[in-house]
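>>> got a predicted structure here, sequence first:
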Amino acid sequence: MSQTWPRSLLFGILFFCLAVVFFASFKHRDGLKHYGNFGGEHVAETQSLGDPSDSLAEIIHRLYAPYLHPITALNFTAGTGETYSLSRKPEWDAPLRNQIVIIDTDSRPFNGTNELLNKTRLDWDKADGLSNGVYGHYLYATIHGYDYKFVRTPEFDDRGPCWAKPMAVADLLKDYRFVIFMDSDTVWRFPEIPLEWLLNYWNFTKETSVAMALDPAGIGVNYDSFGKLVHNSGFIIAQSNERTKEIFKAWVECPDGVRYPECKQWANSWSFDQRAFSDHVRYDFNKETDVLDLPCNEANGYPESHPGLAGECHGVFVRHHWVQKQRIKPAVVNSIMHVFMERMHDEFLEGFDRNVLTRQTNDVIW
């Protein structure tokens with residue numbers, strides 16, 4: 001069944017496509033390069049989008065720089081009016097930049113028509129799939145000066161492909177202070193909010209090891225064998241320390257059945273790594289700083305998911321499209337367009353005298 005999108009969304013997609021064409025017109029592009037002076041305090045002045053020698057990363061940074069949310073801000077107010085306030089003094093007060101890596105991981109080739117790793121020209125109108133979520137993650141890393149990795153993994157002989165998640169995170173903990181894993185169907189709702197602010201908001205301290213969102217209440221499969229809501233591994237924040245490495249070692253080795261004999265069942269049974277963590281690992285690592293529960297409504301789900309349930313998860317900051325994958329593309333577009341259009345509005349008003357002609361009468365002077 002075809003989906004009808006609101007006219008405002010169609011206009012958003014149109015403007016996004018125009019933006020892509022504008023960016024692509026520059027003769028020098030280096031999408032993998034990150035620049036040092038990213039993130040941090042709010043930049044008040046309007047900046048030029050640069051000259052034709054600028055890379056795409058520089059252009060994106062300049063586009064977002066005036067609208068980056070300050071890391072130490074005490075609250076954030078969404079365009080819909082909701083305000084989210086810190087509960088204590090900010091612990092993270094400086095940009096971490098390339099101490100953070102955002103990662104996706106997949107064993108699928110992603111090289112089909114209009115997919116991420118296909119080297120032919122992208123047709124955005126027909127680019128419908130999980131690649132769109134990955135583009136959003138890469139954009140977020142570029143905005144804030146974080147590193148980004150799309151981790152390609154071989155298929156497993158003894159377990160399902162989802163097990164690549166904890167393995168990829170564990171492998172990168174030696175190189176980064178923070179490893180942020182995201183399923184390809186997750187979307188940053190407000191790309192202008194730095195991870196450092198979210199760490200402050202969620203009370204993720206310098207001693208915390210891991211954070212994941214809980215799954216929504218009221219759905220039977222979302223509870224572990226002991227009746228507790230499971231953690232959803234589609235969005236993982238991992239801070240590198242010895243305790244974190246112990247947690248991930250136990251998690252990765254869980255289906256081997258040595259430390260947790262009953263964990264073998266989750267090697268190839270849904271929900272794989274997620275259920276293994278929830279049924280076994282989190283009970284073994286239960287210090288206050290081991291695992292931080294992120295609210296389902298803020299870091300899981302999306303507005304159209306399971307409406308009416310007590311555990312509604314709208315994805316205030318991070319949206320996770322467990323089903324209805326067709327919503328990923330418009331979600332990514334909307335996350336980009338609210339800043340792009342705000343920038344366009346400010347640029348228009350800055351050139352008010354040039355852009356607006358006010359007629360004093362309706363007479364025509366011949």
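Yep, it's here.
>>> so Ala168 versus Lys228, what's the distance?
Remark: distance between Ala168 and Lys228 (C-beta to C-beta, to the nearest Å) = 26 Å. C-beta coordinates here come from the backbone N, C-alpha and C atoms, glycine included.
>>> just to check, Glu207 is in contact with Lys287?
No. The pair Glu207 / Lys287 is not scored as a contact, 9.3 Å apart, by C-beta atoms under 8 Å.
>>> neighbour count: these two, which is higher?
Between Glu207 and Lys287, counted using other C-beta atoms under 10 Å, the more crowded position is Glu207 (13 against 9).
>>> pLDDT score assigned to the more buried one?
If you check Glu207, the pLDDT there is 98.
>>> list the contacts for it?
With contact set as C-beta atoms under 8 Å, 6 or more residues apart in numbering, Glu207 has these partners: 241, 289.
>>> one more: the one 3 residues further on?
For Val210, the contact set (C-beta under 8 Å, 6+ apart) comprises 236-239, 244, 247, 290-292.
>>> in the protein, where's the longest helix?
Longest helix in the chain, counting residues (DSSP state H): helix 328-350.
>>> now do the buried residues in that helix.
Residues 328-340, 343 are the ones in helix 328-350 that count as buried (16 or more other C-beta atoms under 10 Å).
>>> so what's the closest residue to His231 other than its chain neighbours bridging to?
For His231, ignoring the flanking residues on the chain, the nearest one in space by C-beta to C-beta, 6 or more residues apart in numbering is Met212 at 4.1 Å. Beta-bridge pairing of Met212 under DSSP bridges involves Ile236, Asp293.
>>> quick check: the gap between Met212 and Tyr260.
Taken as C-beta to C-beta, the span from Met212 to Tyr260 is 18 Å.
>>> which of those two has more neighbours?
Between Met212 and Tyr260, counting by other C-beta under 10 Å, Met212 is the more crowded of the two (25 against 20).
>>> so between Ala168 and Lys228, which is more surrounded?
Between Ala168 and Lys228, counting by other C-beta under 10 Å, Ala168 is the more crowded of the two (20 against 14).
>>> which residues touch the helix or strand containing that one?
Ala168 is part of helix 164-172 when elements are defined by DSSP states H and E. Identification of contacts with helix 164-172 by C-beta under 8 Å, 6+ apart yields 101, 103, 105-107, 149, 151, 153, 156, 179, 181, 233, 236, 238, 245, 248-249, 251-252, 273, 277.
>>> contact partners for the residue nearest the centre of the chain?
Residue closest to the average C-alpha location in the chain (C-alpha atoms, centre = their mean): Trp188, at 3.7 Å. Residues in contact with Trp188 (C-beta under 8 Å, 6+ apart) are 136-137, 140, 317-318, 335.
>>> equivalent analysis for Val323, please.
For Val323, the contact set (C-beta under 8 Å, 6+ apart) comprises Ser305.
>>> and for Pro161?
So Pro161 contacts 106-107, 153, 155 (C-beta under 8 Å, 6+ apart).
>>> again, only this time at 6 Å
Ser107 (C-beta atoms under 6 Å, 6 or more residues apart in numbering).
>>> who does Phe150 bridge with?
As for beta bridges, Phe150 partners with Asp104 under DSSP bridges.
>>> fine by me, we can end here.
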